[in-house]
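S.K.: Okay, here's the prediction I keep looking at, along with the sequence it came from:
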Amino acid sequence: MVTENGQQGTTARAIPSRRRVLTAAALAPVLTSAGPAAAQPQPQPRPTGMAGAAHGRRVEPVPTTPADWAEVTKVLGRRGNMLRDTTYHTGFPRRDLHVVSDGVAVSAGLALGTHVAFVRYADGSTMIMGDVVVTEHELQHVIDAWQAHGIEQTALHKHLLAQTPDLWWTHVHGHGHDAVALARGLMAGFDRTGTPPAVPPQRSDPVDLDIAGMAAALGTEGTTEDGLYKVVFVRRETITDGHLILPPGLGATSAFNFQPLGGGRAAVSGDCVMRADEVPHVLSALRRGGIKLVELHNHHLAEDPRLFFTHFWAVGDGVRLARALRPAVDATDVVPNG
């Protein structure tokens, strides 16, 4: 080999020497820090997707009743309800916040509804998942509290394009054999927020929207709750999170919330669940219908198949909004929530 000064052979001999020098320099910080602190174990990543299932058989959720979650209920400080006999669901609506977005006073049910869910598995373990509304001031404090209790954050995102005050939504995940400890970990975060105490259920007044017309446009009937009209679709596939099979609909729904504004008009805030190949079709369908896109994100870290979610927002005639949303529904492999 010829060097830059024209001499042969010197570069070939220099390469091993230079490598030894560089290697020694790279190892120096490691060797000098090899004390007690360096010996501390590092967190191990969770198995992902099918790789997680390969480490053992998939574990099914088991049916439970509210009585099985009595101690969790005490920790959470409010009663939940059972979904499909497997998911214990509890809401923490942020009724303490006066939020305005796009000139609309946003109700707690439209986009401020913190939710957490507990699922028991055949191996005796419990998984928790949730979507939590926090103010920007609360956000870092809440995350620190959860991380101190082993509660993971799997998404940090927005449901609204612009709002006052500034808000964030964070998805949480936990898994272990002590459901009460998981509940206490959640509450350590909630205690860093202004989430108000539970209130008795409110009487549901008639919703000032053309419900029949909207149901016809979306191809399914929804429900009226907390002054809103809500329509939910669930994925057809079996979804796993690592080796855990998720109950139908848990963290994998398309949900449309319509808040009446008078005269048949509504504000809609929603979330579409999609596989990767469905994403471009859904986003295009929403924009063709005049729906504003807010967020594209994930709810899980280790699910199979991989799922994406888009939040959206629009204001207009309720039936027209439902018609605009229908092509996005038809572009995904979902069925109405039964």
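M.R.: Yep, that arrived.
S.K.: and residue 72, how many residues sit next to it?
M.R.: 22 (other Cβ atoms under 10 Å). Just so you know, the C-beta spots here come from the backbone N, C-alpha and C atoms, and that holds for glycine as well.
S.K.: which residues does it contact?
M.R.: 88, 118, 179-180, 183 (Cβ atoms under 8 Å, 6 or more residues apart in numbering).
S.K.: cool, residue 315 as well?
M.R.: 102-104, 261, 265-268.
S.K.: What strand or helix carries it?
M.R.: strand 307-317 (DSSP states H and E).
S.K.: Name the next helix or strand following that strand along the chain.
M.R.: helix 318-330.
S.K.: Pull out the buried positions in that following helix.
M.R.: If you call a residue buried by 16 or more other Cβ atoms under 10 Å, then helix 318-330 has these buried ones: 318-325, 328-329.
S.K.: okay if I get the residues you listed as a markdown table plus pLDDT and distance to residue 126?
M.R.: Converted to a markdown table, the buried residues of helix 318-330 look like this (pLDDT from 0 to 100; distance: Cβ to Cβ, whole Å):
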| residue | pLDDT | distance to residue 126 |
| --- | --- | --- |
| 318 | 98 | 39 |
| 319 | 98 | 42 |
| 320 | 98 | 43 |
| 321 | 98 | 38 |
| 322 | 98 | 37 |
| 323 | 98 | 41 |
| 324 | 98 | 40 |
| 325 | 98 | 35 |
| 328 | 98 | 34 |
| 329 | 98 | 32 |
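S.K.: sorry, back to before: and the contacts of residue 72, which two are the farthest apart?
M.R.: Maximum pairwise distance in the contacts of residue 72, criterion Cβ to Cβ, is 12.6 Å, between 88 and 180.
S.K.: Now do the contacts for residue 219.
M.R.: With Cβ under 8 Å, 6+ apart, residue 219 has these contacts: 326, 329, 336.
S.K.: Closest one of these to residue 243?
M.R.: Of the contacts of residue 219, the one sitting nearest to residue 243 (Cβ to Cβ) turns out to be residue 336, at 29.1 Å.
S.K.: Identify the bridge partners of the closest one.
M.R.: residue 233 (DSSP bridges).
S.K.: Can you get me a residue count around it?
M.R.: 15.
S.K.: Tell me which residues touch it, please.
M.R.: Residue 336 touches 219-221, 231-234, counting by Cβ under 8 Å, 6+ apart.
S.K.: and residue 175, how far is that from residue 183?
M.R.: 13 Å (Cβ to Cβ, to the nearest Å).
S.K.: Equivalent analysis for residue 104, please.
M.R.: 34 Å.
S.K.: now do residue 208
M.R.: 38 Å.
S.K.: just to revisit the earlier point, neighbour count winner among residue 175 and residue 183?
M.R.: residue 183 (24 against 18).
S.K.: Name the nearest residue to residue 234, sequence neighbours excluded.
M.R.: residue 249 (4.2 Å; Cβ to Cβ, 6 or more residues apart in numbering).
S.K.: same deal with residue 185?
M.R.: Nearest one to residue 185, counting by Cβ to Cβ, 6+ apart, is residue 149 at 3.2 Å.
S.K.: same deal with residue 188?
M.R.: In space, residue 188 is closest to residue 145, 4.4 Å off (Cβ to Cβ, 6+ apart).
S.K.: so how far is residue 174 from that neighbour?
M.R.: Counting by Cβ to Cβ, the gap from residue 145 to residue 174 is 13 Å.
S.K.: What pLDDT is listed against the closest residue to residue 80 other than its chain neighbours?
M.R.: For residue 80, ignoring the flanking residues on the chain, the nearest one in space by Cβ to Cβ, 6+ apart is residue 90 at 3.5 Å. Per-residue pLDDT puts residue 90 at 97.
S.K.: Kindly report the same for residue 226.
M.R.: Reported pLDDT for residue 226: 88.
S.K.: got a pLDDT number for the closest residue to residue 228 other than its chain neighbours?
M.R.: Distance criterion Cβ to Cβ, 6+ apart; nearest residue to residue 228, sequence neighbours excluded, is residue 109 at 4.7 Å. For residue 109, the pLDDT comes out at 94.
S.K.: What strand or helix carries residue 109?
M.R.: With DSSP H and E as the criterion, residue 109 is inside helix 108-111.
S.K.: contacting residues around that helix?
M.R.: Contacts for helix 108-111 (Cβ under 8 Å, 6+ apart): 93-95, 97, 99, 101, 159-160, 225-228, 230, 257, 259, 267, 269.
S.K.: can you do 7 Å?
M.R.: 93-95, 159-160, 225-228, 257, 259, 267, 269 (Cβ atoms under 7 Å, 6 or more residues apart in numbering).
S.K.: Might you calculate how far it sits from the centre of the chain?
M.R.: 16 Å (Cα atoms, centre = their mean, to the nearest Å).
S.K.: Render the CA-only coordinates of that helix in PDB, please.
M.R.: C-alpha atoms of helix 108-111 as PDB (Å, rounded to 0.1, in the frame of the first residue of the first chain):
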ATOM      1  CA  ALA A 108     -65.400  16.200  29.700                       C
ATOM      2  CA  GLY A 109     -67.000  13.400  27.700                       C
ATOM      3  CA  LEU A 110     -65.900  14.700  24.300                       C
ATOM      4  CA  ALA A 111     -62.200  14.700  24.800                       C
END
